[in-house]
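Asker: Below is the sequence, then the predicted model.
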Amino acid sequence: MTDDVESTRAAAAQEALRARHLRRLGGWVPFTRIGVVAWPPAGRPLSKQRITSSWNYWWQAHLVDTLVDGAVLRDDERCGADAVRLLRGIRIRNVGRWTNNYYDDMAWLGLAMERLDRHLPGRTGTGHLRGLRTLRDVMYDGWSPELGGGIPWRTTDHFFNAPANGPAAILLARAGRPERAIEMANWLHENLTLPSGLIGDGLWRRADGTREFDDAVFTYCQGVVLGADVEAYRLSGDPLHLSRIDALLHAVSDRMTVDGVIRGAGGGDGGLFGGILARYLALVATDLPDTASDVRARAAAIVTASADAAWTHRAEVDGLPIFGPDWSTQAVVPSTEGPTAQKFGGAVASSRTPERDMSVQVGATMLLEAAARVTNRSPEHNGYATPD
């Protein structure tokens, strides 16, 4: 497998996203983009069905982050321009605000904004930089040790989970709040580690003060904790974080892969889960020092095996790929039949055909960009994760 092949695959996935899922906000607002959450889309242009369809803030955040990948790894000017326009579209669609009621949503958007600003300096305006500072400070101020956290999943409850604390820790590490980032990484391991070595979903603090553990296991929870530990090790040099990465990687390999390929999690929100794990496995593979060569190689092997499987099992329309929610199973071409992904409570359920969901296509593109990063040995940071 050559580096050019991995990059070509990722570029094809980006082109498919652009053709099928990127549009001007409302179909007309200049200098904006927004991610269309279903392809083929619901309803006719300007129909009530299309205008009122779910837009899913955190899907859009990952779309920004994936566009940044294309801009950084291949100097793809269109990806960089679309990332900036998408941020503008998100803010307008979110009624002029960067924030919402979900800490995990805000952490994901903050991460995408930080990477865009760091890798493509000068592309974002002062409004975006203020937004990044706002999201960083929301993560910092949400810390609630008196309630058992951690930061909560959303502003309206006391559920402290990995999907909020993991990306928040990574964001704070990269945005100038190192002490809190390390505290969060430690909190995740001390409170959410299961006997299997995997990371559970989170814990509730009930009204009577008791704590109730939710031991559900998701691939993306493992990914964000790996990412938080890489950042904590980069900041502190504490070998504890390196040993935690090693142990969690063993658990992921044993329990979250099939024949070395990351397990699928369906459509809807689950369409992003595998791609998030792949992103942070790639961070392990590219940003740990040479002394951790075995850990790096094991992480890289999962990423490249998963990318090979996703590409092998793709479908195609007009010469562009369509990926399935399970990278080990043949993808199908979606139709307009059945409902598209809709939000129920705090989660988004799958379309009848998961391949229709933007989340599934963004997750696979994230995976292919992660494989390109691994094979091209392109680290996220300048230098390895060892402090000066």
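Answerer: Great, that's in hand.
Asker: Now for P321, which secondary structure element holds it?
Answerer: Element membership for P321, per DSSP states H and E: strand 320-322.
Asker: other SSEs contacting that strand?
Answerer: helix 3-21, strand 315-317 (3 or more CB pairs under 8 Å, 6 or more residues apart in numbering; DSSP states H and E). Where C-beta positions appear, they are placed from N, C-alpha and C, glycine not excepted.
Asker: Let me know which of those is tucked in deepest.
Answerer: Comparing the helices and strands packed on strand 320-322 by mean neighbour count (mean count of other CB atoms under 10 Å), helix 3-21 comes out on top with a mean of 20.
Asker: to the chain's geometric centre, what's the distance from that helix?
Answerer: 17 Å (CA atoms, centre = their mean, to the nearest Å).
Asker: go on, stretch 94-106?
Answerer: 16 Å.
Asker: V36: how many residues sit nearby?
Answerer: By other CB atoms under 10 Å, 20 other residues sit near V36.
Asker: quick one, what contacts the closest residue to it other than its chain neighbours?
Answerer: Closest residue to V36 apart from its sequence neighbours, by CB to CB, 6 or more residues apart in numbering: H21 at 4.9 Å. Counting by CB atoms under 8 Å, 6 or more residues apart in numbering, H21 makes contact with G35, V36, V37, W39, L63, M358, Q361, V362.
Asker: coming back round to it: for the helices and strands packed on strand 320-322, which one sits closest to L188?
Answerer: L188 lies closest, by CB to CB, to one member of the helices and strands packed on strand 320-322: helix 3-21, at 29.5 Å.
Asker: And the helices in the stretch 251-388 of the chain, which stretches?
Answerer: 273-287, 293-312, 358-375 (DSSP state H, counting those that start in this stretch).
Asker: Which one, of those helices, ends up nearest to G27?
Answerer: With CB to CB as the measure, helix 358-375 is the member of the helices of the stretch 251-388 of the chain nearest G27 (16.3 Å).
Asker: The contacts of H21 into CSV, with extra columns for pLDDT and distance to D214?
Answerer: Formatted as CSV, the contacts of H21 follow (pLDDT from 0 to 100; distance: CB to CB, whole Å):
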residue, pLDDT, distance to D214
G35, 97, 29
V36, 95, 32
V37, 96, 27
W39, 97, 33
L63, 98, 28
M358, 98, 27
Q361, 98, 29
V362, 98, 26
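Asker: any idea which of those is closest to F323?
Answerer: Nearest to F323 among the contacts of H21 is Q361, at 6.0 Å by CB to CB.
Asker: For M256, find the nearest of the helices and strands packed on strand 320-322.
Answerer: Set against M256 and scored by CB to CB, the helices and strands packed on strand 320-322 come closest in helix 3-21, at 22.2 Å.
Asker: angle of the closest one against helix 293-312?
Answerer: 50 degrees (axes from the mean of the first three to the mean of the last three CA atoms, to 10 degrees).
Asker: my guess is A347 contacts D269, does it?
Answerer: Yes: using CB atoms under 8 Å as the test, A347 is close enough to D269 to be in contact (5.4 Å).
Asker: which ones are touching the closest residue to G35 other than its chain neighbours?
Answerer: Nearest residue to G35, sequence neighbours excluded (CB to CB, 6+ apart): L63, at 4.6 Å. Contact partners of L63, counting by CB under 8 Å, 6+ apart, are L17, H21, L22, G35, L86, M358, V362.
Asker: Can you name the residues that contact the residue nearest to the third one when sequence neighbours are not counted?
Answerer: Among residues not flanking L22 along the chain, R33 sits closest, at 5.2 Å (CB to CB, 6+ apart). For R33, the contacting residues are L22, R23, R24, L25, D82, R85, L86, R88, G89, by CB under 8 Å, 6+ apart.
Asker: E212 versus R33, what's the distance?
Answerer: 41 Å (CB to CB, to the nearest Å).
Asker: What is the least confident helix or strand in this structure?
Answerer: Within the chain, no helix or strand scores below helix 48-51, which has a mean of 53 by mean pLDDT, DSSP states H and E.
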